[in-house]
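Q: Predicted model, plus sequence, below.
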Amino acid sequence: MFVDVWVWLSDPENWSGAGGIPARVGQHLLYCLAATAFAALIAVPLGLYVGHTGRGGVVLVGGGNAIRALPTLGLVTVLYLVAGGGTVPVLIGLVVLAVPPILAGTYAGVQDVDRGVVDAASGMGMTDAQRLWQVELPNALPLLMGGVRNAMLQVVATASVAAYVGLGGLGRPLLDGLRVLDYGQLVGGALFVALLAVLLDLLLSVVQRLVVPRGLRLAPASAARRRVRRGVDDSSPQKLVATAGQPDSGGSRA
């Protein structure tokens, strides 16, 4: 099988033309970026509103779980048949599947913001909009970006399956290789899908590092170091000896 993969990758015909590997990678990348971007345009404002106001949280969580339970290929196929074919219905299906993780990440990020920080912002005279954009959204960015990364990985995999209903991209080598039992083409296409998923996740991790405030990135590490230092201090022999003869909370001696 590995020899077949190498033969398929080394064939010059597979690297040129509309059906070549570069063209398929470009198509797949375009589908993923477009679907994730449109999903973010829908999910981020909705998640911010629900998380900020606290209204509709139960409906949001229930609806997100219901969408997650939908079969990927079934949803894409139904939309394709209802619309009478074309690429747009398939992209709509990808957007629908990418909305729940981004929505959940945005909502959870806003809900996870320390209420003391929000109360302090209110005490400073900030309006609702100012608290949302200047306090809650920056603090919600780590979980929000986590939802975007999760959605991107799901779309990369789903776009491959969507080749079954006529979508191009890296799903074509998978489908064509399976149809003619060309395992070199099949495995080679799967490798490119996996590689693209890893590269996109790395790219989004860089974006996350750039957009998340530096204080939020340093706070978890600082807290972890403090916990480690406290654990070392509490477990040191000198500390144990010093506390062995101290009275406990009830006033008795150990």
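A: Now that the structure is in, tell me what you want to look at. Note that the coordinates shown come from a computational prediction; the quantities given were computed from them, not determined experimentally.

Q: check contacts around Leu132.
A: Shown in contact with Leu132 (CB atoms under 8 Å, 6 or more residues apart in numbering): Leu48, His52. Yep, even glycine has a C-beta here, placed from its N, CA and C like the rest.

Q: Now do the same for it: its pLDDT.
A: pLDDT for Leu132: 82.

Q: now do Gly231
A: Value listed for Gly231 in the pLDDT field: 57.

Q: now do Ser236
A: For Ser236, the model assigns a pLDDT of 46.

Q: do the same with the one 5 residues further on
A: On pLDDT, Val241 comes in at 36.

Q: for Ala244, same thing?
A: 40.

Q: which stretches of the protein form helices?
A: Per DSSP state H, the chain carries helices over the ranges 2-10, 21-53, 57-68, 72-83, 87-111, 115-123, 128-131, 137-161, 171-179, 183-211, 214-235, 237-244.

Q: what distance separates the second one from the middle of the whole chain?
A: In other words, helix 21-53. Taking CA atoms, centre = their mean, to the nearest Å, one finds the center of helix 21-53 at 10 Å from the center of the full chain.

Q: And the fifth one, by the same measure?
A: Relative to the centre of its chain, helix 87-111 is centred 10 Å away, using CA atoms, centre = their mean.

Q: The chain should start at 13 in everything you say after this.
A: Happy to do that; since the first residue is 13 now, the last one works out to helix 99-123.

Q: what's that helix packed up against?
A: The helices and strands touching helix 99-123, judged by 3 or more CB pairs under 8 Å, 6 or more residues apart in numbering; DSSP states H and E, are helix 33-65, helix 69-80, helix 84-95, helix 149-173.

Q: Could you single out the most deeply buried of those?
A: For the helices and strands packed on helix 99-123, the largest average neighbour count (mean count of other CB atoms under 10 Å) is found in helix 149-173, namely a mean of 22.

Q: looking at the helices and strands packed on helix 99-123, which has the lowest confidence?
A: Minimum mean pLDDT among these: helix 69-80, a mean of 75.

Q: List the residues that contact the residue nearest to Ser172 when sequence neighbours are not counted.
A: Spatial nearest neighbour of Ser172, chain neighbours left out: Gly183 (4.0 Å); criterion: CB to CB, 6 or more residues apart in numbering. Shown in contact with Gly183 (CB under 8 Å, 6+ apart): His40, Ala171, Ser172, Val173, Ala174, Ala175, Tyr176, Gly201.

Q: at 10 Å what do you get?
A: Contacts for Gly183 (CB atoms under 10 Å, 6 or more residues apart in numbering) come out as 36, 39-40, 43, 169-177, 201, 205.

Q: Tell me which residue lies nearest the centroid of this structure.
A: For the chain, the residue nearest the mean C-alpha position is Asn162 (2.0 Å; CA atoms, centre = their mean).

Q: I'd like to check which residues are in contact with it.
A: Ala110, Pro112, Pro113, Ile114, Ala116, Gly117, Asp213, Leu216.

Q: can we see that at 7 Å?
A: With contact set as CB atoms under 7 Å, 6 or more residues apart in numbering, Asn162 has these partners: Pro113.

Q: Could you do the one 10 residues further on as well?
A: With contacts taken as CB under 7 Å, 6+ apart, Ser172 has the following neighbours: Leu182, Gly183, Leu186, Val205.

Q: likewise Ala95?
A: Pro101.

Q: Give me the distance between it and Val108.
A: 13 Å (CB to CB, to the nearest Å).

Q: Val122: which of the helices and strands packed on helix 99-123 is closest?
A: Between Val122 and the helices and strands packed on helix 99-123, the tightest spacing by CB to CB is seen for helix 33-65, at 2.8 Å.

Q: Quick one: list the elements packing against the closest one.
A: In terms of contacts (3 or more CB pairs under 7 Å, 6 or more residues apart in numbering; DSSP states H and E), helix 33-65 is packed against helix 99-123, helix 149-173, helix 195-223.
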